[in-house]
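In: With the input below, show me the fold.
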Amino acid sequence: MHDESRRIEERVQRLHDQRIKTAVYAATVPFQVEAWQAPGEPVPFDEAAAASYRPFAMGTPWGPPWGTTWFRMRGRVPEAWAGRRVEAVIDLGFTGDWPGNQAEALVHRTDGTPLKAVNPLNQYVAIANPAAGGETVEYLVEAASNPDILADNFARTTPLGDKLTAGDKPLYTFRSADIAVLDEEVWHLDLDLQVLRELMLELGAHDPRRHEIAHALDRAMDLLDLDDVSGSAPAVRAALRPVLSKPAHASAHTISGVGHAHIDSAWLWPIRETKRKTSRTFSNVTALADEYEDFVFACSQAQQYEWVRDHYPEVWARIQEAVEKGQWAPVGGMWVESDGNLPGGEAVARQFVHGKRFFMDHFGIETKGVWLPDSFGYNAAYPQIAKLAGNEWFLTQKISWNQTNRFPHHTFWWEGIDGTRIFTHFPPVDTYNARFSGEEMSRAVRNYAEKGGASRSLAPFGWGDGGGGPTREIMERARRLADLEGSARVVVEHPDDFFAKAREEYPDAPVWVGELYLELHRATYTSQARTKQGNRRSEHLLREAELWATTAALHAPGYSYPYEKLDRLWKTVLLHQFHDILPGSSIAWVHREAEAEYARVARELQALTAEALAALGTGGPRVFNTSPHDRAEVIRTADGAPVYVSVPASGSAPLTGARPPHPVTVNGRVLDNGLVRVEVADDGTLASVYDLRARREVLAEPGNLLRLHTDLPNYWDAWDIDKHYRNRYTDLLDASSVTVVEQDPLIGAIRVERSFGKGSTITQTITLRAGSPRIDVETDIDWHETEKILKAAFPVDIRAPHSSAEIQFGHIQRPTHTNTSWEAARFEVSGHRWVHIGEPGYGVAVINDSTYGHDVTRTVREDGGTTTTVRLSLVRAPRIPDPEADQGRHRLTYALLPGARIEDAVAEGYALNLPLRVADAAGAPEPVVSVEGEGVTVEAVKLADDTSGDVVVRLYESRGGRATGVLHTGFPLAGAQITDLLERPLQDADRTGGGVAVALRPFQILTLRLKRG
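Out: Next up is the predicted model:
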């Protein structure tokens, strides 16, 4: 037989694209359309319905950036269409090949009921099936003219990312709005051809099945009447039925399809637009559920459900109905799909607390898995946190984006820093927007790393980010692929069902230990520094407010614990931990609003803390310590005078000065407090840091070296920092002044001022206080650079085989060598409040109050010694998607801590981020809790969420070893229980001597619920 593959393939493609696809709608009549453009922000339906509309012609430009245009559409179904399937088909002027991140609309009845959305790949709204003929149709359509921010593919910046700079030029040209007859037989033929043709093209040239499909298609095309596609479609379908009916191989891979619509809670659009995106997509999903009983849709992010509940009650009611039917599956159990690296440990816990509780309260469902398909890496505390929140499985696919190394597993046990394991799956289809194309099916099977051990994977299907979610076409593909020779099998099912089957099939899956580091998007640890600083400050202010509100509730008669306010403020902070807000990868509008929200949160939390302390009564100034460690340090009084104070952990002390062990002396540019001696060079760097206790020089080279690098990644500007950034840089060594600005027995300080680049300035105050080896560098940057990154380097005379960086509820060790490509790929990493490096007998920590990105490198000097350099990433200047990212003022503090053990780094990390607070208060109420035992660290103190008045305390082991101790209470203790993160009892705690006995494994998290006597 001659090879006619090319002729057949080209024939099928042309007939499909030019004749069959164009015949899906058999007849159309246009709507009569009128339009009204809402001024400013979106308006409620009632206001739009009462507005004055003007005639609107097809082909007319419409929609300024971020605008809302309402269209009134009127029409009548022709009598001749009786008995046919009739739909409204609306093309807003969709552009590009991305179904999300552009124009979209929500279609309403005239009474305001939302019906369904209109999206680029989902343009229809059902009118009648079957139609009676003669029906009058009238809709009000709310259309959003959102700009495509990445339309230029990172080639140039755009002002469209903020309504303040976007202008008012229309973005779209309205193409059509019709009432149409769907020719169902042609529509099904279209799908038959797509599925068979795509499968054929993925099969090997020597695979008999490929040629069987090709010749079947060829013979079927002979039956297609080009003058009567509709009339001949049944015969063509009948000819294809045998080849579509052949079952899959017995050993075929099984793909569990789960409907999905990944909607970023903010990204290339503001939060206000996400509220509308969710309503549109969820309307589509509930409509699809009505049409396909076998459809199952998985949806995470309790915050988005709450938006729909509050703003679109009709859609909310349809979601509840779909959940009841088992077609809608709440998943993830988090308030939002947060960033996986940057939120603090307690914040990650609260993501689960608020998310799971929402689903339980509103649907009676406890979610079983973590659903984070798109976050930029995952910290190694996740397995334990997830399991303590009642989760059994974890899903993501983002690690498939790795720049260097291919992750070796798709189904595996993930082991965290404490030893907890959670069953984990990475969909080998490598997308969370699947559509069951032939290429995707082939890719999933080809990629699957567990062949021979397991035989199933999961594929989230549907268009995200405003693309409208799953479509009927995708569901039809799934039906055709349920059992088709040459293809993997597709079964649409709940993700819980997939994970149960996968775990049963593969109980001895391999184990991955430690973080799931994404070898990409490393700049998300640094971009939009003010957003990150707002998060860090909010997390610590929440800790303060909860602790002192609990103290007041226990000791101040008449004080009411602010449950509702704290709940609301926590949810605001959790929302802004979404994986495109906190990482700094959103448009200017998002970050402008985030900074304003963080400022509001700070004001409210400061007020709550002040109210709690005031409730304790007045009696003179006291110093309050929110940290879980005792502290002896220098603070300033209201008039700015320094005073040395000692304050117990989570307690208070009178503001009375004590004598420090050794005063600070200032001799020229040398600061000395008897613990360390610091010499500042003429150029403003640290020429020497000498540890007087250990009698050793800390620095191998000048420290606090500010290095300005050129920073233009290959692609994702705000997301990425590529390794070549290291090759071009300028060291900032031209100090315009180096001046002693404070010379006191309690504080010595030297100020260094610099100017550089495009008018940028840096003022740094290097401070040494009595009684502490910590050297603070208070930094004030006025930043006007573009495509640059600024790093602060501390080259330390230590041979450190690894660095230790704080993460959630513990720390992670990373090698300082680059023996393999896995270590080499970690050229930029994240950490929270501290980074520690050490050799046996000596260590150094670098502490910070708001930075996350850093790198640690190691070199050997000519004298044989080793230099280990810690470099903090202070500020970047990407231009896409926000052309003004990070421009302007930044105030931050970082510090060098010589002679530090891990426990010293932990304590000073808390101290720098939780400044001692001075307030007028009476008496000395006992701390709510105190701990005997090294390594047992209190992370949160609060009243139970159920308003019972029980006290909830969250502890963890912070050194990385076993720890035992006793938790004492500042109130009569009637009972103690160990609970999960949702404060549900697991078992009674061990009591001892009026307290609670605590025994923790390395990095174990323990939540105690304490009943008051």
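
In: And for the closest residue to V938 other than its chain neighbours, the neighbour number?
Out: Closest residue to V938 in three dimensions, ignoring its sequence neighbours and counting by CB to CB, 6 or more residues apart in numbering: P628, at 4.0 Å. Where C-beta positions appear, they are placed from N, C-alpha and C, glycine not excepted. Counted by other CB atoms under 10 Å, the residues lying close to P628 total 26.

In: In contact with P628: list those residues for me.
Out: Applying CB atoms under 8 Å, 6 or more residues apart in numbering to P628 gives the contacts 649-650, 910, 931, 937-939.

In: Relative to A907, how far out is it?
Out: As for P628, its distance to A907 is 8 Å (criterion: CB to CB, to the nearest Å).

In: P470 now?
Out: For P470 relative to A907 (CB to CB), the value is 51 Å.

In: Same drill for these two, tell me which one is more crowded.
Out: Here P470 and A907 are compared on neighbour count by other CB under 10 Å; more neighbours surround P470, at 32 against 23.

In: The more buried one reaches H262, doesn't it?
Out: No. No contact is recorded between P470 and H262 when judged using CB atoms under 8 Å, the distance being 11.6 Å.

In: before we move on, the earlier item: any chance of the contacts of P628 in CSV with pLDDT, distance to Y172 and secondary structure as columns?
Out: Supplementary listing: these in CSV, determined by pLDDT from 0 to 100; distance: CB to CB, whole Å; DSSP: H, G, I helix; E, B strand; the rest coil:
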residue, pLDDT, distance to Y172, secondary structure
A649, 97, 60, coil
S650, 97, 57, coil
Y910, 98, 52, helix
V931, 97, 61, strand
T937, 98, 55, strand
V938, 98, 55, strand
E939, 98, 50, strand
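
In: Those: which two are farthest apart?
Out: Y910 and V931 (13.4 Å; CB to CB).

In: Confirm that the residue nearest to V938 lies within a helix, as I assumed.
Out: No. The assignment for P628 (DSSP: H, G, I helix; E, B strand; the rest coil) gives coil, which keeps it out of a helix.

In: Can you check the pLDDT for it?
Out: Here, the pLDDT recorded for P628 equals 98.

In: Now do the strands in the stretch 101-250 of the chain.
Out: Per DSSP state E, counting those that start in this stretch, the stretch 101-250 of the chain has strands spanning 104-108, 114-118, 124-128, 136-145, 172-173, 176-182. These are given in chain order.

In: Quick check, pLDDT for the residue nearest the centre of the chain.
Out: To find the centre residue of the chain, average its C-alpha atoms and take the closest one (CA atoms, centre = their mean): that gives H579, at 2.0 Å. We note a pLDDT of 98 for H579 in this prediction.

In: contacting residues for it?
Out: Residues near H579 by CB under 8 Å, 6+ apart: 264, 336-340, 372, 374-376.

In: Next, format those as a markdown table and append pLDDT and secondary structure.
Out: As requested, those are exported to a markdown table (pLDDT from 0 to 100; DSSP: H, G, I helix; E, B strand; the rest coil):
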| residue | pLDDT | secondary structure |
| --- | --- | --- |
| D264 | 97 | coil |
| V336 | 98 | coil |
| E337 | 98 | coil |
| S338 | 98 | strand |
| D339 | 98 | coil |
| G340 | 98 | coil |
| L372 | 98 | coil |
| D374 | 96 | coil |
| S375 | 97 | coil |
| F376 | 98 | coil |
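
In: could I get these as JSON lines with neighbour count?
Out: JSON lines is the format used below for the contacts of H579 (neighbours: other CB atoms under 10 Å):
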{"residue": "D264", "neighbour count": "25"}
{"residue": "V336", "neighbour count": "26"}
{"residue": "E337", "neighbour count": "28"}
{"residue": "S338", "neighbour count": "26"}
{"residue": "D339", "neighbour count": "29"}
{"residue": "G340", "neighbour count": "25"}
{"residue": "L372", "neighbour count": "23"}
{"residue": "D374", "neighbour count": "18"}
{"residue": "S375", "neighbour count": "23"}
{"residue": "F376", "neighbour count": "25"}
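
In: Closest to R84 out of these?
Out: Ranked by distance to R84 (CB to CB), the contacts of H579 are led by D264 at 38.8 Å.

In: how about the nearest residue to the closest one, chain neighbours excluded?
Out: What sits nearest to D264 in space, not counting adjacent residues and going by CB to CB, 6+ apart, is D580, at 5.3 Å.

In: Repeat that for E34.
Out: What sits nearest to E34 in space, not counting adjacent residues and going by CB to CB, 6+ apart, is Y53, at 3.7 Å.
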